[in-house]
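S.K.: kindly generate the corresponding structure for this input.
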Amino acid sequence: MFDLSTLLEKIPDEYKPMAALGIGSLMLVGLALFHGAGLHIISIQQKRRQRQLRLGRPRLAAGALLFGWSVFLMLALHVVEIMMWAFVIIHTGFVKHAYDAIYYCANAYTTLGMGSLDIDRNWRNISPIIAISGLFTFAWTTSALVDVVASNGRLLEQLEDEREREMEMRFTLRKEEWAARKTETNLERLDREKTKAQYSGASFFQRLKIWKGERSREEDFRSAERAEVVELRRKERQDEEELGSGAAPTDPQDKGKQ
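M.R.: So this is what the prediction gives:
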């Protein structure tokens, strides 16, 4: 079975520092490509989700969670890259144990230093390469994070505006419902007054007929009021669902890319 650590041990000591630089450089380029692809995927997923949130009812909590999820994915990207370095360090034989390799790579990647662990002096040149990869990727992540913060700020601002319009719609709905109920109450009151005037001089059977007619009209008034309230609520829900459809996309960066 191919053993990379055994092959590297056969390299003369005077060439091992150059070999460490070569291994580190190849790893750095591969890590940069991996990091760029990861940030691109995170950015695309965030923008897709933001477009979804801009449509329909404003969900501020979902916008905040989206920002947190994007930050978490960026952190996970760095953790994976540290693990990739640790994998290389273990399989080259520079460090024997996985927990030592992870500790060593995490300290070098974050430019904190090597801690209490060191590797063979002939292979120490890989440490600054790990640190350089960390500097590259952290700077890249910072740039992407600035865009994420700005984009999320615009999203939350739009959602807040839509939330205010939603509250205005609901307030208007309550006023219209109250006006519909008040109209129905006034119609019933006027009808009762008219009925009372008809009672005077009427016989028992005539009064019974008038009373039945009054009850029938009251039921018609109430049915009409309930139907009007149902229609008002249906229209208000439809307006809420379409609240953000006329405003997307609002992100200037999205417009510039179209």
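S.K.: where in the chain is pLDDT low?
M.R.: Residue ranges of the chain with pLDDT under 70: 1-10, 56, 114-117, 199, 201-202, 204, 240-258.
S.K.: can you list the domains in it?
M.R.: Per the record, the chain has its domains at 12-165, 166-257, by automatic domain parsing.
S.K.: give me whichever of these is most buried.
M.R.: Highest mean neighbour count among the domains of the chain (mean count of other CB atoms under 10 Å): domain 12-165, with a mean of 17. C-betas here are computed from N, CA, C, even on glycine.
S.K.: how long is that one end to end?
M.R.: In domain 12-165, first residue to last residue: 74 Å (CA to CA, to the nearest Å).
S.K.: again with stretch 52-61
M.R.: End residues of stretch 52-61 are separated by 14 Å (CA to CA).
S.K.: and that stretch, how far from the chain's centre?
M.R.: In this view, stretch 52-61 has its centroid 10 Å away from the chain centroid, taken as CA atoms, centre = their mean, to the nearest Å.
S.K.: cool, stretch 17-29 as well?
M.R.: 38 Å.
S.K.: pull the residues that contact it.
M.R.: 8, 11, 84-85, 88, 92, 122-126, 128-130, 132-133, 136 (CB atoms under 8 Å, 6 or more residues apart in numbering).
S.K.: how about the helices in the stretch 101-250 of the chain?
M.R.: 126-199, 204-241 (DSSP state H, counting those that start in this stretch).
S.K.: mind putting those helices in JSON lines, distance to Ala20 included?
M.R.: What follows is those, written out as JSON lines (distance: least, CB to CB, whole Å):
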{"stretch": "helix 126-199", "distance to Ala20": "4"}
{"stretch": "helix 204-241", "distance to Ala20": "60"}
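S.K.: quick one: closest of the ones you listed to Gln45.
M.R.: helix 126-199 (11.1 Å; CB to CB).
S.K.: helices or strands up against that closest one?
M.R.: helix 16-54, helix 60-91, helix 98-109, helix 204-241, helix 252-257 (3 or more CB pairs under 8 Å, 6 or more residues apart in numbering; DSSP states H and E).
S.K.: among those helices, which is nearest Ala150?
M.R.: helix 252-257 (8.3 Å).
S.K.: return the residues in contact with Ile126.
M.R.: Contacts of Ile126 by CB under 8 Å, 6+ apart are Ala20, Leu21, Ile23, Gly24, Ile89, Phe94, Ile119.
S.K.: closest one to Ala179 out of those residues, please.
M.R.: So of the contacts of Ile126, ranked by how close each gets to Ala179 (CB to CB), first place is Ile89, at 74.5 Å.
S.K.: Val95 is in contact with the closest one, correct?
M.R.: Yes - if you go by CB atoms under 8 Å, Ile89 and Val95 touch, sitting 5.0 Å apart.
S.K.: so who does the residue most central in space within the chain touch?
M.R.: The centre of the chain sits closest to Leu66, judged by CA atoms, centre = their mean, with a distance of 2.0 Å. Contact analysis of Leu66 by CB under 8 Å, 6+ apart lists Gln46, Arg49, Gln50, Leu53, Asn152, Leu155.
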